[in-house]
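Novice: here's my sequence, what's the structure:
(chains A and B)
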Amino acid sequence: DTAVSQTPKYLVTQMGNDKSIKCEQNLGHDTMYWYKQDSKKFLKIMFSYNNKELIINETVPNRFSPKSPDKAHLNLHINSLELGDSAVYFCASSPGGTLGANVLTFGAGSRLTVL
Amino acid sequence: GENVEQHPSTLSVQEGDSAVIKCTYSDSASNYFPWYKQELGKRPQLIIDIRSNVGEKKDQRIAVTLNKTAKHFSLHITETQPEDSAVYFCAASLYGGATNKLIFGTGTLLAVQP
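Specialist: Got it, this is the predicted structure:
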């Protein structure tokens, strides 16, 4: 029973296309995140949602639009894909409140390749 | 904002030897320092964390030390085994509160040679 699941696992698409990645967690966590891991393995936070509310937006181009329909789901939509968007995108979640707020459980990652 | 530097970027050791990975952080307000292990093609997973009210924490073969004055912390792995081979990430943040960001170091590729 996967705690943080994201789909699809692999995504290959052409420049200029629009694509979405979905994420769901069954841990009852209040906070969800999107992280980007580039080819050099750098892990950078993109967005964070707490109880469906956007709380962190790390100067990501507005081609990236996260959506959280409820606190168990956080999706990422990317418009007009560029070569530089190729990366592994990790969804993560953490408990809310003052205890464990930064203890992350990651999904398995979605590898996006833009041709 | 917080900036975390991590060294070395790659580390090769013989099975049974010890491995040490070091990180420095810039924001003196940070008080939570986790370490994540990422095996090839897998997700990062938390292996140990330390809060600033302690200087050292151990869990079997892994330990983390923290020097708040110098703003650096280290991961120590003893009696390394081939299954310890992975990329290790340190991170730093202000503990608690949904708006606090976990900032990761650049990662260390540890290779344990059998």
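Novice: which SS class is residue 66?
Specialist: I went with chain A, as the question did not name one. On the three-state scheme (DSSP: H, G, I helix; E, B strand; the rest coil), A:Pro66 is labelled strand.
Novice: now do it against A:Val12, distance only.
Specialist: Note on A:Pro66: its distance to A:Val12, by Cβ to Cβ, to the nearest Å, is 22 Å. For the C-beta atoms, the positions are set from N, CA and C on the backbone; glycine is no exception.
Novice: who's more crowded, the two?
Specialist: Taking other Cβ atoms under 10 Å in any protein chain shown, A:Pro66 and A:Val12 do not tie; A:Pro66 has more neighbours (20 against 12).
Novice: was I right to think the more buried one contacts A:Lys52?
Specialist: No. Using Cβ atoms under 8 Å, A:Pro66 makes no contact with A:Lys52, being 10.7 Å away.
Novice: stretch A:32-49: end-to-end distance?
Specialist: End-to-end distance of stretch A:32-49: 5 Å, with Cα to Cα, to the nearest Å as the criterion.
Novice: what does stretch B:36-50 give?
Specialist: Using Cα to Cα, first and last residues of stretch B:36-50 are 12 Å apart.
Novice: touching chain A at all, that stretch?
Specialist: Yes. Residues of stretch B:36-50 contacting chain A under Cβ under 8 Å from any Cβ of the partner chain: B:36, B:38, B:42-46, B:49.
Novice: closest to chain A among these?
Specialist: Proximity of the residues of stretch B:36-50 next to chain A to chain A (Cβ to the nearest Cβ) peaks at B:Arg43, which lies at 4.1 Å.
Novice: for the closest one, helix, strand, or coil?
Specialist: On the basis of three-state DSSP, B:Arg43 is classed as coil.
Novice: enumerate the residues of chain B near chain A.
Specialist: So chain B meets chain A at B:32, B:34, B:36, B:38, B:42-46, B:49, B:87, B:89, B:93, B:95-104, B:106-107, B:109 (Cβ under 8 Å from any Cβ).
Novice: which members of these are classed as buried?
Specialist: Buried by 16 or more other Cβ atoms under 10 Å in any protein chain shown: B:32, B:34, B:36, B:38, B:43-44, B:49, B:87, B:89, B:93, B:95-96, B:98, B:100-104, B:106-107, B:109, out of the residues of chain B next to chain A.
Novice: next step: those restricted to strands.
Specialist: Taking DSSP state E, the ones among these that sit in strands are B:32, B:34, B:36, B:38, B:49, B:87, B:89, B:103-104, B:109.
Novice: which of these lies closest to A:Asn57?
Specialist: In terms of Cβ to Cβ, no member of those lies closer to A:Asn57 than B:Ile103, at 15.4 Å.
Novice: show me what the helix or strand of chain A with the lowest mean pLDDT is packed against.
Specialist: Of all helical and strand segments in chain A, the minimum by mean pLDDT, DSSP states H and E falls on strand A:53-57, at a mean of 87. On a contact count with 3 or more Cβ pairs under 8 Å, 6 or more residues apart in numbering or on different chains; DSSP states H and E, strand A:53-57 meets strand A:43-50, strand A:64-70.
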